[in-house]
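Asks: everything below, folded, please.
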Amino acid sequence: MRRFLAYLLLLAGALGAGLAAAQPLLTPAELQVLRLTREPRIIDTREPAAYALQHLPGAVSAPYGRWRGPATNPGALRPLPELTALVRELGLTPDTHAVIVYTGVDSTDFGSAARVYWTLKSLGMTELSILNGGLNAWKAASLPVTAQPATVAPSNWQPAFNPRWLATQDEVKGGLDGQGAVLVDSRPAPFFQGKKSHGAAKAAGTLPGAVNLDSDLFFEPGSAALMDKAQLTAEAGTLAPPRPGQPTVAFCNTGHWAATDWFVLSEVLGQHDVKLYPGSMVDWSQAATPLPMANEPGRLAQLRHQLLSWSHRNLGTKAP
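Replies: The predicted structure follows:
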């Protein structure tokens with residue numbers, strides 16, 4: 001125990017010297033030091049039942065669904081009044097250091113924390129971190145958990161949404177005001193290739209000119225923690241570098257996997273002008289007037305996929 005406390009003191013000194021601004025990723029040990037020295041606001045994005053069973057001491061519950069749109073378009077932004085009510089309930093202000101905690105099951109699980117981070121940054125918060133590896137990494141480090149719910153005093157913060165990191169459907173359609181953009185499809189290859197589609201999407205395929213960078217590539221196989229910066233740089237190096245003044249737009253089905261690509265490129269690797277298209281392919285495919293698609297399967301292929309999907313769901317045959 002003395003050795004562990006000495007380690008924490010040394011780490012606290014290092015953090016005090018090097019954490020003028022919040023690090024986007026924290027290890028469990030780093031977060032434990034912050035808990036003991038700076039009292040960050042820990043935001044647990046898991047389901048309420050999971051939070052009730054166990055969570056980090058002092059963590060407040062804000063399930064991921066409260067940050068997302070309706071089932072018909074899950075990636076859509078919540079209206080600002082709803083987000084305002086949520087951040088006030090959590091006692092947040094622009095000066096709060098918020099640390100977002102997810103379960104830590106897999107790479108897809110990380111996307112929930114990245115999407116909440118993007119939302120809070122867009123609302124005006126500057127001190128933001130994610131616990132790398134989530135609750136599972138915290139427990140693996142033998143750090144404490146509790147079932148005692150935390151209560152915090154509400155704030156009166158009135159956030160204003162900053163569109164700097166947002167790409168809308170109209171902006172994507174218009175090439176972001178004629179600048180063009182590096183379009184990054186963050187989905188697994190079958191979605192990019194048009195072989196699979198989200199249940200709320202009206203078409204399969206991808207955006208014209210997009211390149212595929214599956215967000216899962218930023219994690220070791222089976223891991224829910226991002227790789228180190230050198231490995232992340234190597235994976236991101238498959239993308240052609242943007243031209244001066246050219247933005248990068250990450251998208252997926254509903255702005256979930258894409259939030260991870262946005263987080264890695266923008267927050268960890270420090271690339272400029274990286275945006276998230278939150279509605280992504282579901283939003284794009286639901287446009288009143290059909291928008292251009294790439295890798296869209298022909299009508300016969302679509303019918304075949306629908307038949308195979310129906311058979312899989314109802315007859316237990318092999319998934320398409």
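Asks: all helices of the stretch 201-320 of the chain, in order?
Replies: For the stretch 201-320 of the chain, applying DSSP state H, counting those that start in this stretch gives helices covering 229-236, 257-262, 280-285, 299-315.
Asks: which of these has the lowest mean pLDDT?
Replies: In terms of average pLDDT, helix 299-315 trails the rest of these, at a mean of 66.
Asks: what sits against the closest residue in space to residue 112 that isn't next to it in sequence?
Replies: Distances taken as C-beta to C-beta, 6 or more residues apart in numbering place residue 64 nearest to residue 112, at 4.4 Å, with adjacent residues excluded. Every C-beta, even on glycine, is put in place using the N, C-alpha and C of the backbone. With contacts defined as C-beta atoms under 8 Å, 6 or more residues apart in numbering, the neighbours of residue 64 are 45, 46, 112, 115, 116.
Asks: most neighbours among these, which one is it?
Replies: residue 115 (27 neighbours; other C-beta atoms under 10 Å).
Asks: on the three-state scheme, that residue is what?
Replies: Here residue 115 is helix, with the state taken from DSSP: H, G, I helix; E, B strand; the rest coil.
Asks: residues touching it, list them.
Replies: 64, 67, 68, 255, 256, 259.
Asks: does the fifth one touch residue 113 like I think?
Replies: Yep, that's residue 256 we're talking about. No. The criterion here is C-beta atoms under 8 Å, and residue 256 misses it with residue 113 at 10.6 Å.
Asks: the two - which one has more neighbours?
Replies: Neighbour count, other C-beta under 10 Å: between residue 256 and residue 113, residue 113 has more, with 27 against 23.
Asks: residue ranges in this structure under the pLDDT threshold?
Replies: In the prediction, the chain carries residues with pLDDT under 70 at positions 1-20, 176-179, 298-306, 308-310, 312-313, 319-320.
Asks: one more pass at 80, please.
Replies: Scanning the chain with the threshold set as pLDDT under 80 gives 1-21, 175-179, 298-316, 318-320.
Asks: where along the protein do the strands fall?
Replies: Counting by DSSP state E, the segments of the chain that form strands are 25-26, 41-44, 60-61, 97-101, 127-131, 182-185, 211-212, 248-251, 274-276.
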